[in-house]
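Asker: When you get a sec, could you give me coordinates for this:
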Amino acid sequence: MSQSNTLASGLKVGVVGGSITGCAVATLLSRIGCEVTLFERSGEELKDRGAGLGVPPSVIETYIEHDLIDADIPYFRAGTFVRRWRTPAEAYRGYLAWDQPTNVLLMNWGMLYRNLRRRVPNASYRTAQRVTRIDNRSDGAVVALTDGVQHIFDLVVCADGYASLGRHYLFPEIIPRYAGYVLWRGALDESALADAAVLESGIHCLGYRSGHGIFYFVPNADGSVARGTRLVNWGIYVPVPAAELPAFLTDTMGVIREGSLPPGAMPLATERALKDATHQRLPSFYANLVERCEQTFVYAIYDCEVPAYCVGRIALAGDAAAFARPHSGAGALKGMNDAVALADALRTGTSLDAALTEWNTARTASGNQLVRFGNQLGRALVEEIPDWSTMNAESMERWFTASVTIPAEIFRPPTAATRT
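Answerer: Numbers count the residues shown, from 1 in each chain. Model prediction:
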């Protein structure tokens, strides 16, 4: 059921970016009476790469209450981070250093995106033209497209990811910082594994010098969670010096890509070198799993703090604003929380400027805090990772507690809820 008030009713809002954050913004603002037009900046519908993500149960419950996702969205519940390290004596599965308690729901990214996309009317979701420019003006903001047409809005929300056009316009001096490593990812059908039961125990984290890998089950593209039908999602953090990054991100056509190599773009020689290194770094069970994967992809890890989430009538949300390294596991959640908070601010605010000021203050602090949290995890798990094979559960817990401070509010959705 829609809710509207004098401020939100009829407010013309442009959303740039049609991924998870953009769809959440468009859905929630439409429900409170805004007239929303969403522009997918790439000019086409987004594609599912089979990636997974972990979500705290309380967060999923909140999004179900907001009707952002279906109540029966499929997931797996993980109660443990299984931290292992390859040793000569434990070359197949690795030395078990610590079963670290957790409570995480493991989901398929594509399923989450499709849940959100279904809630955005097709008439509001524009893909025919790319966004080329975003500008503030005295009475609102303007979005310009490749065909030269300009659309004027009372508010523009940029949800166009880490390479955001909106962030570049508002803060041209802000340059995302390369972390010195990349995340190589892939997925494999469970049916291709002889002993998939190894992965039943939780989220498997495999440490090695200068990095680690993570392996876990997610529902398949159709949402099945039955044994034998699941996907094994994995990601391995690999150090790549900044000077070598352009060569590493050169695709099969010899073109240097910006930030990532999507599925099908990675040269065979690059993938072969990554797989060979994995056999040296990870226990054989996990390295053999990676060996069987095709269409793997990789993206460079950056992080970025921002001085504000809103300037004038242009707002930033999700990774278009502050964005953190993926160790935090909160990228998609942060963007959805930005959307929830913005809808609440507009629903309860007395004026547009006052609502945006309130939202900007809270989300800027929260987003930058998440970046610092991701940096802590990056140092602990990649840049300064200790040899887990010399540690037991007690010493691992002491190390982790001393290295990482988990902010109490980091994953919690805003308390004021826009109920539907």
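Asker: What's the local residue count around residue 33?
Answerer: Residue 33: 19 surrounding residues under other C-beta atoms under 10 Å. Placement of C-beta: from N, CA and C, glycine included.
Asker: Tell me how far it lies from residue 338.
Answerer: Using C-beta to C-beta, to the nearest Å, residue 33 is found at 19 Å from residue 338.
Asker: Kindly report the same for residue 302.
Answerer: From residue 302 over to residue 338 (counting by C-beta to C-beta), the distance is 19 Å.
Asker: quick one, which of these two is more surrounded?
Answerer: residue 338 (30 against 17).
Asker: so what's the more buried one up against?
Answerer: Contacts here follow C-beta atoms under 8 Å, 6 or more residues apart in numbering; on that basis residue 338 touches 21, 25, 309, 317, 318, 321, 363, 367.
Asker: Specify the local secondary structure of it.
Answerer: helix (DSSP: H, G, I helix; E, B strand; the rest coil).
Asker: Spatially nearest residue to it (excluding sequence neighbours)?
Answerer: residue 317 (4.1 Å; C-beta to C-beta, 6 or more residues apart in numbering).
Asker: again with residue 129
Answerer: Nearest one to residue 129, counting by C-beta to C-beta, 6+ apart, is residue 145 at 3.9 Å.
Asker: The closest residue to residue 235 other than its chain neighbours bridge partners, please.
Answerer: Sequence neighbours aside, residue 185 is the residue nearest to residue 235 in space, at 4.6 Å (criterion: C-beta to C-beta, 6+ apart). Applying DSSP bridges to residue 185 yields these beta-bridge partners: residue 235, residue 297.
Asker: Would you map the helices across the stretch 1-150 of the chain?
Answerer: 20-31, 57-65, 109-118 (DSSP state H, counting those that start in this stretch).
Asker: Comparing those helices, which comes out most buried?
Answerer: helix 20-31 (a mean of 28; mean count of other C-beta atoms under 10 Å).
Asker: now the angle between helix 109-118 and that one, please.
Answerer: Between helix 20-31 and helix 109-118, the angle comes out at 20 degrees (axes from the mean of the first three to the mean of the last three C-alpha atoms, to 10 degrees).
Asker: hmm, back to that, among the helices of the stretch 1-150 of the chain, which gets the worst mean confidence?
Answerer: Note on those: helix 57-65 shows the lowest mean pLDDT, a mean of 87.
Asker: can you tell me which residues contact residue 36?
Answerer: Counted by C-beta under 8 Å, 6+ apart, residue 36 has contacts 13, 14, 15, 25, 26, 29, 30, 124.
Asker: per-residue pLDDT, residue 1?
Answerer: 41.
Asker: Please spell out which residues along the helix ranked longest in the chain are buried.
Answerer: Using DSSP state H, we find that the single longest helix of the chain is helix 352-378. Residues of helix 352-378 classed as buried: 352, 355-356, 359-360, 363-364, 366-371, 373-378 (neighbour count, 16 or more other C-beta atoms under 10 Å).
Asker: And for stretch 72-84?
Answerer: For stretch 72-84, by 16+ other C-beta under 10 Å, it's 73, 74, 75, 76, 78, 80, 81, 82, 83, 84.
Asker: In terms of helices and strands, where is the nearest residue to residue 295 once chain neighbours are set aside?
Answerer: Once flanking residues are discounted, residue 295 sits nearest to residue 263: 4.1 Å by C-beta to C-beta, 6+ apart. Assigning secondary structure by DSSP states H and E places residue 263 outside every helix and strand.
Asker: I am finished for the moment; much appreciated.
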